[in-house]
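Q: no sequence on this one, just coordinates:
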């Protein structure tokens, strides 16, 4: 009994740490929690001894479960300011949903190493994009046709589900590159997060049902203890990071986020090579 209580205590403390760090960095850099929460959870899970084969899946699934709540709050706030593009949301909703279903199905079946690799590669590409296009300048005006628009929506849904993110990290730079206003892009991305998070969470919960080696309080790959700790903490701590962000120039924040993602990607690549070498 004492060992069980100690196990729960360590796990709860680890999730509190993840919530505080993730919330502060998300607020500081002005990004959705997923792109921050996933790597924080990934490394925290490794620190408490969760097996390498499942820890990235737990990080991705649990991050998506938190986005169910945080995206709803964020989307409501943007809606009040008229920053949600409903025409875009309507045309993109189904392609994104299809992408999420495919991404969750793939993510639930492949080795955790694959998800770690996907996150590391995409995070590095996003970091490069943030340095090259720090001013979010448009490359063209709108999508060239419906086919391209739908394909991009599937892409956003697919990789967001495999990375455990709400879609803003991918959709905002894509939408601004296609000439959408940055405020509308951010506001619509918040609503997109809700479309991604619900099927993604349910899919990973089913995919991990009965999986061995999961930490306490898990339903499939979704960890409820982490969910309960992360949602209130990220929402409580994020404003502190946002407050500090106002004292820092926007371009510097873009570079800071790029540096965070770059370091995260490199650290994940190191883990990948270590795991491959250990096989």
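A: Perfect, thanks for sending it. What you see is a predicted model, and the numbers here were worked out from it, not measured in a lab. Residues are numbered from 1 along each chain as shown.

Q: My understanding was that residue 117 contacts residue 271; is that so?
A: No. With contacts counted by C-beta atoms under 8 Å, residue 117 stays clear of residue 271, the gap being 10.1 Å. C-beta: built from backbone N, CA, C; applies to glycine.

Q: Any regions of the stretch 51-200 of the chain where pLDDT drops low?
A: For the stretch 51-200 of the chain, the stretches flagged by pLDDT under 70 are 78, 133-139.

Q: Please enumerate the strands of the stretch 151-279 of the chain.
A: Along the stretch 151-279 of the chain, counting by DSSP state E, counting those that start in this stretch, strands occupy 218-219, 222-223.

Q: Make JSON lines out of those and add mean pLDDT.
A: Converted to JSON lines, those look like this (pLDDT from 0 to 100):
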{"stretch": "strand 218-219", "mean pLDDT": "91"}
{"stretch": "strand 222-223", "mean pLDDT": "92"}
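
Q: Let me know which of those is the nearest to residue 63.
A: Nearest to residue 63 among those is strand 222-223 (9.6 Å), distances taken as C-beta to C-beta.

Q: got the contact list for that closest one?
A: For strand 222-223, contacts defined as C-beta atoms under 8 Å, 6 or more residues apart in numbering pick out 15, 58, 61-62, 64-65, 201, 204-205, 208, 214-215, 217.

Q: What strands line up against it, and which way round?
A: strand 218-219 (antiparallel) (DSSP bridges).

Q: Contacts for the strand it pairs with, please.
A: Contact partners of strand 218-219, identified using C-beta under 8 Å, 6+ apart, comprise 58, 205, 208, 209, 224.

Q: Most neighbours of all the residues you listed, which one?
A: The member of the contacts of strand 218-219 surrounded by the most neighbours (other C-beta atoms under 10 Å) is residue 58, with 28 neighbours in all.

Q: Dihedrals phi and psi, the closest residue to it other than its chain neighbours?
A: Among residues not flanking residue 58 along the chain, residue 221 sits closest, at 5.2 Å (C-beta to C-beta, 6 or more residues apart in numbering). Here is the backbone geometry of residue 221 (degrees, to the nearest 10): phi -90, psi 0.

Q: Many thanks, we can stop here.
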